[in-house]
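Asker: Just the structure for this:
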Amino acid sequence: MSQVEASRRGEGLRFIDAALAAFEQACARSGESSYDYRLGPDRMRWRFAGAEMRRLLEPALRHLEIDDGRAPGLTVCVFDSESTATPMPAPPWDGTCYGARGEITGFNDNRLRITYQPGVDMLLAFDAERGIAIYWVPDFRLVPFWEVTFPGRCLVHWYMATGAYQPIHSGAVGDERGGVLIAGMSGSGKSTTTLSCLNSGLKLAGEDYTLAGGDPAWAYSLYSTAKLVPDSLWRFPELQPWISNAGQLETQKALIYLQEKCPEQLTTGFPLRAIVVPKVTGRLETRLAPATVMQALMAMGPTTLLHLQGATEEAMAKMSRLVRSVPVYTLEAGTDLRQIPQVLSTLLDGRRG
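Answerer: A predicted model of the protein is given here:
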């Protein structure tokens, strides 16, 4: 590490210390709530100063809450300045340091990660050596809709950078036999495929983001939220009463908190038996066809890397290993949605046999 890089790291770590002190002040002024959650085979603790940020972010994580006495590997300290009357200390960088994806130039390396996106106004700062993170916004009312559905996914990504598991843009369904990862870019049928498995006997580990990897491969739940574009709601009339943002569908996807509505349909994870890439065919029947590892990698890699800043090489390497560790298929999804979980269940039966 050069002298300049070492100096920047020192400045960044001192800023995190100052931000942590501000967080403790916010807790003293507005109260604190703390929750421990499963993070794959690990644990994470979310500490919230005041009630507003907890109200926004905690529901997506609630299904993973656990109290087993294990120390968390990652601790996330969350506050906003508006509701806690606590300002964030001035940063050690200036306006020329903001990168296109929010990364602060000179303040990101293999220990330190700091991002801030003007317009989104969300600061994330992470110290890998201490396993500590700051999650801050100036005003809780500025938290964007999409962030509520998968809070802190970049923090999980950074924490997992040197480990075996990777947050992946994917769904996952399964049962005691194991499960399948459902990988696809927006519009591919990923959400439709995943949600068609509700009430089928298969359980959901995720609809939009899943933690996957390891040897042998596992898929773990990260969030209990499900999202659908409003034009797809007609396929799931039974889900419409569960929509939490029904008055905002002109600008947002329909959001459902599955932990609130059907907690028995959720699972914390399972051994991974296969990866399927949905393909909408317009035909009635659903069937499986062989796929290549490159098709699976292209279904999950680009959007995952688009969403998650930093640690790109590590993430790509883990996804490359994952698609080579289990069979991969194209799921030619038909219009009779009842066939989708039947085909996936048959796949799991075959793997078990």
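Asker: all helices in the stretch 51-200 of the chain, in order from the N-terminus.
Answerer: Under the criterion DSSP state H, counting those that start in this stretch, helices of the stretch 51-200 of the chain are mapped to 52-57, 81-84, 145-149, 153-159, 190-195.
Asker: In contact with residue 125, which residues?
Answerer: 12, 15, 16, 19, 113, 114, 133, 134 (CB atoms under 8 Å, 6 or more residues apart in numbering). All C-beta spots, glycine's among them, are computed from the backbone N, C-alpha and C.
Asker: before we move on, what about residue 328?
Answerer: 274, 275, 276, 277, 290, 291, 292, 293, 295, 296.
Asker: Tell me the pLDDT of the fifth one.
Answerer: What it means is residue 290. Note on residue 290: pLDDT of 94.
Asker: Spatially nearest residue to it (excluding sequence neighbours)?
Answerer: Leaving aside its sequence neighbours, residue 290 sits nearest to residue 329 (CB to CB, 6 or more residues apart in numbering; 6.4 Å).
Asker: Against residue 285, how distant is the one you found?
Answerer: From residue 329 across to residue 285, the span is 15 Å (CB to CB, to the nearest Å).
Asker: Residue 193 too?
Answerer: Distance, residue 193 to residue 285, by CB to CB: 14 Å.
Asker: hmm, back to that, between residue 329 and residue 285, which one's more packed in?
Answerer: In this view residue 329 and residue 285 are compared by other CB atoms under 10 Å, and residue 329 has more residues nearby, 21 against 12.
Asker: Thought residue 169 was touching residue 212, still the case?
Answerer: No. The criterion here is CB atoms under 8 Å, and residue 212 misses it with residue 169 at 10.7 Å.
Asker: These two: which has the busier surroundings?
Answerer: residue 212 (32 against 25).
Asker: so where does the more buried one fall, helix or strand?
Answerer: If you go by DSSP states H and E, residue 212 is part of strand 209-213.
Asker: Please enumerate residues in contact with the next helix or strand after that strand?
Answerer: Using DSSP H and E, the helix or strand that follows strand 209-213 towards the C-terminus is strand 218-221. With contact meaning CB under 8 Å, 6+ apart, strand 218-221 is reached by 38-41, 63-64, 165, 172, 174, 179, 181, 204-206, 210-212, 266-272.
Asker: go again using 7 Å as the cut-off
Answerer: Applying CB atoms under 7 Å, 6 or more residues apart in numbering, the contact partners of strand 218-221 are 40, 63-64, 172, 179, 181, 205-206, 210-212, 266-272.
Asker: Just the buried residues from the contacts of residue 328, in PyMOL please.
Answerer: Selecting only the buried entries of the contacts of residue 328 in PyMOL, with 16 or more other CB atoms under 10 Å as the criterion:
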select buried, resi 274+275+276+277+291+293+295+296
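Asker: returning to what we had before: need the contact list for the residue nearest to residue 290.
Answerer: Applying CB under 7 Å, 6+ apart to residue 329 gives the contacts 274, 276, 288, 289, 290, 291.
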